[in-house]
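In: This is the structure alone, sequence omitted:
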């Protein structure tokens with residue numbers, strides 16, 4: 001059987017890396033957006049709660065699938081205002097401006113891969129100014145990392 005969610009992989013290809021990708025797809029690639037069974041929460045909600053508890057007034061972001069759970073949870077909790085921008089660098093520049101004006105860390109969230117790499121100029125600008133800034137970058141699902149998943153790059157080394 002070939003399931004549309006498995007990107008054309010069949011159950012006969014269940015060994016090695018193909019098997020890992022098949023299992024990730026079969027388990028539901030979008031399962032990363034659902035609540036974790038033990039806690040009934042997902043990572044986006046946990047991060048949103050932390051932002052709220054620290055009184056972060058703004059979250060600058062360019063919406064994307066990898067950070068959608070965070071954006072939805074932030075909107076639901078209501079304490080942090082999500083400001084959607086048109087480019088990832090703009091999100092970081094805006095967070096940098098908030099940090100410089102208030103002295104408190106500015107927060108930006110971008111999607112994985114190119115979303116993170118698009119922030120480099122603004123991130124370096126904030127670093128050179130010794131501006132307190134938090135950049136949250138989305139990531140491919142753990143089960144699909146290193147297998148050519150959408151926008152999967154080694155973000156930590158950047």
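Out: Thanks, I have the structure now. Predicted model only: the values in this text are computed from it and were never measured.

In: How about residue 123, nearest residue that isn't a chain neighbour?
Out: Distances taken as CB to CB, 6 or more residues apart in numbering put residue 92 closest to residue 123, at 5.5 Å, once the chain neighbours are dropped. For the C-beta atoms, the positions are set from N, CA and C on the backbone; glycine is no exception.

In: The one you found belongs to a helix, doesn't it?
Out: Yes - assessed by DSSP: H, G, I helix; E, B strand; the rest coil, residue 92 belongs to a helix.

In: you'd agree it is up against residue 117?
Out: No - using CB atoms under 8 Å, residue 92 is not in contact with residue 117; the gap is 11.8 Å.

In: higher neighbour count, the two?
Out: residue 92 (28 against 15; other CB atoms under 10 Å).

In: For that one, which residues are in contact?
Out: Listed by CB atoms under 8 Å, 6 or more residues apart in numbering, the contact partners of residue 92 are 60, 108, 110, 119, 122, 123, 126, 133, 135.

In: How much space separates residue 110 from residue 155?
Out: For residue 110, the distance to residue 155 equals 10 Å [CB to CB, to the nearest Å].

In: Touching both of those two, which residues are there?
Out: Contacts common to residue 110 and residue 155, judged by CB under 8 Å, 6+ apart, are 116, 137.

In: quick one: which of the contacts of residue 92 is nearest to residue 76?
Out: residue 60 (18.3 Å; CB to CB).

In: tell me the secondary structure for residue 108?
Out: strand.

In: Could you pull out the helices in this protein for me?
Out: Applying DSSP state H to the chain gives helices spanning 16-28, 43-53, 68-77, 88-102, 114-117, 120-128.

In: about what we covered before: out of the contacts of residue 92, who has the most neighbours?
Out: residue 108 (30 neighbours).

In: For it, give the beta-bridge partners.
Out: Judged by DSSP bridges, the bridge partners of residue 108 are residue 60, residue 135.

In: ok, it - contacts?
Out: 59-61, 88, 91-92, 94-95, 119, 133-136.

In: repeat that with 7 Å
Out: By CB atoms under 7 Å, 6 or more residues apart in numbering, the residues touching residue 108 are 60, 61, 91, 92, 95, 135.

In: and which of the residues you listed is nearest to residue 84?
Out: Distances from residue 84 to those, taken by CB to CB, are shortest for residue 61, at 6.1 Å.

In: Distance-wise, check the closest one relative to residue 81.
Out: 11 Å.

In: This completes my enquiry, with thanks.
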